[in-house]
Structure formats: C-alpha cells, structure tokens
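In: got a predicted structure plus its sequence, pasted below:
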Amino acid sequence: MDKSKIPFRQIHLDFHTSEKIEGVCADFDAEKFARTLEEAHVDSITLFSCCHHGMLYYDSKKYPQMVHPHLVHRDLLREQAEACHRHNIQVNLYTTIRWNKPAADAHPEWVCIDENGALQDYKGKGFFEAGFYKNLCVNTGYRDFLKDQFSEVLSSIPAEGVWYDAAFVTECCCPACQKKMRKLGMNPAEKEDRKKFALMTYYDMVEDLTAFAKSFNPDFRVCYNKGHVGYLDKPVLKDYSYFSFESLPGADWGYLDFPVSAKYMRNFGNECLGLTSRFHTEWGDFHAYRNRAAMEYEVFSMLANGCKCTIGDQMDYWGELNPFMYRQIGEVYASVEEKEPWCEGAVPVTEIGVFTAEEFYATGKAGEIPGSSEGAARMLMELSQQFDFIDSESDFDRYTLLILPDVIPVDECFARKLRKYIAGGGRVICTFESGLDRDKTGFMVPELEAVYLGTAPYSPDFISPREHLAEGLASSEHVMYDCGTYVKAGEKAVFVQDAVRPVFNRTYEHFCSHLHSPSSREAAYPAVIETENTAYFIHPIFRTYQTSAPHWYKILFRNELKRLLPLPLVQHDGPSGVITNLLEQKEQNRLILHVLYYIPEKKCSKLEIVEDIVPIYNLKVALRCEGKVKSVKCVPSQNEIEFRREGKTIIFNIPKIEGHQMCAVELDNN
C-alpha cells in the first residue's frame, strides 16, 4: 500500500442506521467485506465511526451508551479497518459534524437557532418531520463533545485519513453565537453580519478540527464535506488535504455541478476527487441501482477533469455489501485501474478562463451554483473548448481568452488587472451586467467600448445576425428571450450588431398571440459590440442557455469565439454531446486527450438519465500542438493512430469511442 499517493478508486460507505433496527451487522464477515472491496478494485474506503443517527459503530469505552444498541459486531469499525489493511485498502475515518440526532434531542441548547428563534432544520421540514437534520452549533459545548468522542477513534483505529461530514456553513442566532458576534462588534439582527459570522465560524471550525485530527497523526489526510466546495473555501485551503466534490447527478446537483466545481478547485494545488454514488437518486436510496452507463460517465468524467474517483454506497444494515452492485463497481474500477498510468499526475491544458459567479453570489450549498456559471460550462463543453473557472485573484496571463458570464461585477482592482491583460494582447468577452461596477452605474473596462445607459427598453428583442456572426444561422431575426442592458457603442468599436425591437412590449394593453410580440424589423440599439480584442453581448446568454438552451445562442457565441480564438486547442466533427478534456503528463512528455460521449436524457421530470452507450466511429480530431509529435495512440490499448500535421495542428481519426476513449500524444522535445 503506497500511502504517499491519494488512491484513485475509493468508496464512501454510508451507514446511517436507526437505533430501532435490530440485528445490525448480524451477517457481517470482515474477510468477506474486504475481499468484496478488493475484487471490486477498490483501494480506499471511508468507514463510519458515528452516523447522523448519533450511533457509534465501535466498542466505545468513553461513550458506551452511544454504541448502536443492536450492533452484533460491537467493534465493527476496527474489524473493518483491520481487514481492509490486510487487503491493501486504505481507510478514512468518518464522523458527522452538524447532524447528530441524540445530541440534538438531549441538548437543545446545542442546536442552531434561526433568526425567528426556532430550532434550525437544514431541510426546512419542521419539528415532526422524519430526519436528523437539526443543525448543531459548533460554538457551543457541542464542539468539545464532538472532539472528545472522536478522539477515541483517532487514537485507536488504524487509518490513513479523516472525513468530516455535514460541515455546513450555517447562520445561527443561539446565545453562544450572539455573544461572540457582539464581542466582535457585529449585530446578530443584521443578515449580512450573520452571513459573515457564519463563514468565520466555518473557518474556525475547519482550522480547529484539522489541527485536532493531525495532533493524533500528522500524516492524516483530512477532508470536509458540506455538499459543495468552492470559492468560499479559499481561506481554509491549507486545512484540506484534498478536495472531494460530492455531486450526485440524481439529487440536487445534476450533471453540471461536478465539472463547474472541478474546473475551479483544481487550480489551487490540492488533489481533487469526484464523489458520485451507486444510487439511482440520492443517499439512502436503498435497493436502487445506478445504471452502468451512468456510473461510467460519472467516474470517467472525474478522470477527464484531472480528478480521482469516489463512489458512494450504504452497507445493508445486516452487514453485507450488495454483490451485484460491487460487480458493476469492479468492472468500472477495473477500467479506471487500467487507465491510471495515463491519469497519474496529469494536469489540465486550458486556454480560456471563465470567472466564477460564486465569487460574488456564493451560498456554499449543494445544487446552488449560479445559472450563468452552469450555462457557460454547458456551452463551452458542447463547443469542445478547454477552460477553467477562475476568480479575480487568479493569474489572467495563463489564458488566451477571459469570459465574464452575465453577472460578474468589476471593482477598481479587478478592472486594473483586466485592462492590463487586454493591453498585453489578451482577449475578453463580457455578457449582460458583467463588467459593470457593483452599483451598476457604468462599465469599469472602457476597452469594451460599451457605454451603459440602463436596462434595455424592449424585451424580448431580436438579433438578425450580420457578417461573421451570421455563420450557420438563418438570415432572419432570432429572439433573445431575457431582457438585456441598454448601451451605446463607443467611438473605437470595430463592429456593432444591432438589436431589433419588437412592435411593442407585451402588456395587458397591447399584446400579440400567446407569447411575446413579433419583430418590428427596426434596429433599436447595439446587441453586440466588438473591438479587436473584446466582445460585449447585452443579453444574459449563458443564464438563458442554462434555462432553455436556444441553439442560436450557442452559434452566435461560437461565431464570436471563432473571431477571438480562431485556432482552439481541440476541435472535432462529432455531435455536441461529445465532451473533450486535454491534459498533460509533463514527466512522461505527453498529452492525454479524453473524449466522452454519453447521453443524459430527460426521461422523467425529476432527473437526467444515462442508460445507453451509443458508439461513435472515426471521430476526426484537430489538436493544436506545435511541438514535434512522435506518435498518437489509443490508450490503454496502445493501438497506434495515423496522424498528419496541418500547420499548428495535428489531425487524426479516433476509430471508435464507446463512452470514453483516451488518446496519448507522445511528444519529442529533441
């Protein structure tokens, strides 16, 4: 077992088990448990010490009354951990932070209180609804209790890491929090002060609990889970040993949450892991099975984004792992194991930086990534662009093009960086209210050559695209659904695409047909303003694309990208569902191109389903690569692919893509 590297193939094993269930782990066999994991190619597992029900799963001497009353194997955790180590499987020790039902019931003074004076419920379900969702406040005596209880585990159970769950950022108005806030000169009655203090509490908790864990073993890897990792976590990056992105597509997250999170957090130096599950929907979906194609898509997407892999599960209460599902996990993880040599140490190769809206609108909650971020990710992925999410403190010079999607305000410091970047030849696209100051009085980047006048007087309005923006579009008006800004073009603009006004705005006094009014065929104000290095769209094109995906929005944006980024890193002739990710293994002197083609379908109202794998044959790829290329191979099969050079690109055909295919481009620096 190489403990110097974070494993690629992990299981996160839930075991939230009601104290009213009898015969818990009656059928548990430690060797069978570990052997099942080993045969499924698992090399790391997170095991429970204390669950959200407040039950312990080890022979506690400090808190024997907390051990699950019907746990047949009283020292279950130790048996699991020791058996896993015998089979060369690393162990992370799990405990819950914010949710512990017996603690909340016995100590209501430890429960977070909302601004209305009520005990806080994370799910908002009310006092008599099922669940263990009362948030516990870590500014009360609960924190000392948590550490004392977990210390017994950390000091006695063999493991490589610590996993803190339910580490939410939570506003609290309990007496302890109010006292601390007032001591800091903050007003508990003010929403903004409560939000600020909630973050301060989270940062203090993370720093404290990491130091606490490492006091038992300085080599412990420590991770926190609160449903989302993003911009708000920057102040405590040093306290995370790695980032894990809980992102179950069947629940709150959907299929865009993971790439948005990964493409931002992978820039901060820590290793990253994706976390999906074996469930059809979400945690605790007992006896439900993830479609094989969906599991492949989610796991291989992790590799393609430069991340390692975790699949979530919950052991059946009688103590066995589901044999059918672990056969499937084993087949998927066997493929991951084969691919690892071309994934180890691979770093993404990108040329577009997209500013994350989380810097300005972050909630830190699962499934609440702003729509403009997800819309930008969806559009760029469909266009095969190689991009990162970044923030205003990032190094802009790493990128050829920067995109400010819809809602990115700019202050003086941010503006200076953008203006310097543009002056050095960098290219910028802004949309809608991006580029405005926080008060929305004017643009902070005069190089956009857009003068802000307010909100557009007509909505919807229309674009009848001209010249380069017309490529691939009908010679006609195209509706722009959501209201844009009202601007005029500066004197140095090199191209202006006008918006066409409707005959009138739809009101009860004048309307036409079922929806919006038709075009008046009269130009009204600029819709797109271009300079040599910049472009400004008045409409929130990314938010609208995430909401309703008008094809012409993507084509308009693609045509603008062609002007500002005429030779992208990766191009292909396949359908828009083909996703490409380019990475580099510097030590091996090669590029790794990941190509994925899975088809999420809206077969039901609640979630997207991936069920079938439809092969693609002879996908033509153009890869910008100016160095000398020795070979192109499909990996891990090592089958060579013929390629030819055309200027700065190499052209090759991938014979077959059946869900996921990797290609290694071997370089020659001599």
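Out: Cool, the structure landed.
In: look up how far residue 136 lies from residue 110.
Out: Distance, residue 110 to residue 136, by CB to CB, to the nearest Å: 5 Å. C-beta here means a position set from N, CA and C on the backbone, and glycine is covered the same way.
In: shared neighbours of these two, which are they?
Out: 103, 104, 142 (CB atoms under 8 Å, 6 or more residues apart in numbering).
In: export the residues you listed to JSON lines and tack on distance to residue 567?
Out: Formatted as JSON lines, those follow (distance: CB to CB, whole Å):
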{"residue": "103", "distance to residue 567": "59"}
{"residue": "104", "distance to residue 567": "58"}
{"residue": "142", "distance to residue 567": "57"}
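In: ok, those vs residue 498, which is closest?
Out: Residue 498 lies nearest to residue 104 out of the shared contacts of residue 110 and residue 136, by CB to CB, at 60.1 Å.
In: and that closest one, what is it in contact with?
Out: 110, 111, 132, 134, 136.
In: list phi and psi for the fourth one.
Out: Recorded main-chain torsions at residue 134 are phi -70, psi 120, according to degrees, to the nearest 10.
In: any low-confidence regions in this protein?
Out: Where the chain drops to pLDDT under 70, the residues are 1-4, 123, 125, 364-367, 670.
In: which SSE is immediately downstream of whichever strand in it runs longest?
Out: Looking across the chain with DSSP state E, the single longest strand is strand 519-530. Downstream of strand 519-530, the next assigned helix or strand under DSSP states H and E is strand 534-537.
In: helices or strands up against that next one?
Out: Strand 534-537 sits against strand 427-431, strand 519-530, helix 551-564, with contacts defined as 3 or more CB pairs under 8 Å, 6 or more residues apart in numbering; DSSP states H and E.
In: again, only using 7 Å
Out: In terms of contacts (3 or more CB pairs under 7 Å, 6 or more residues apart in numbering; DSSP states H and E), strand 534-537 is packed against strand 427-431, strand 519-530.
In: mind listing residues that contact that strand?
Out: 422, 427-432, 447-448, 450, 528-529, 560, 564 (CB atoms under 7 Å, 6 or more residues apart in numbering).
In: what's the helix or strand just after it packed up against?
Out: Downstream of strand 534-537, the next assigned helix or strand under DSSP H and E is helix 541-548. Contacts defined by 3+ CB pairs under 7 Å, 6+ apart place helix 541-548 against helix 371-382, helix 551-564.
In: can you redo the ones you listed as CSV with mean neighbour count and distance to residue 148?
Out: Formatted as CSV, those follow (neighbours: other CB atoms under 10 Å; distance: least, CB to CB, whole Å):
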stretch, mean neighbour count, distance to residue 148
helix 371-382, 24, 41
helix 551-564, 18, 55
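In: closest to residue 239 out of those helices?
Out: Closest approach to residue 239 among the helices and strands packed on helix 541-548 (CB to CB): helix 371-382, 25.0 Å.
In: can you name the residues in contact with that closest one?
Out: So helix 371-382 is contacted by 256, 259-260, 352, 354, 356-357, 387, 389, 403, 405-407, 540, 542-543, 545-547, 554, 557, 576, 579 (CB under 7 Å, 6+ apart).
In: could you redo the last one with a cut-off of 6 Å?
Out: Here helix 371-382 makes contact (CB atoms under 6 Å, 6 or more residues apart in numbering) with 256, 259-260, 354, 356-357, 387, 405-407, 542-543, 545-546, 554, 576, 579.
In: can you check stretch 317-324 too?
Out: Residues outside stretch 317-324 that contact it (CB under 6 Å, 6+ apart): 17, 21, 24, 25, 26, 27, 28, 36.
In: how about the helices and strands packed on helix 541-548, which one is nearest residue 44?
Out: It's helix 371-382; of the helices and strands packed on helix 541-548, that one is closest to residue 44 (CB to CB) at 28.4 Å.
In: that closest one vs helix 551-564, what angle?
Out: Note on geometry: by axes from the mean of the first three to the mean of the last three CA atoms, to 10 degrees, helix 371-382 and helix 551-564 are set 70 degrees apart in direction.
In: need the next SSE after helix 371-382, C-terminal direction.
Out: strand 387-390.
In: show me what that next one is packed against.
Out: When contacts are defined as 3 or more CB pairs under 6 Å, 6 or more residues apart in numbering; DSSP states H and E, strand 387-390 packs onto helix 257-265, strand 352-355.
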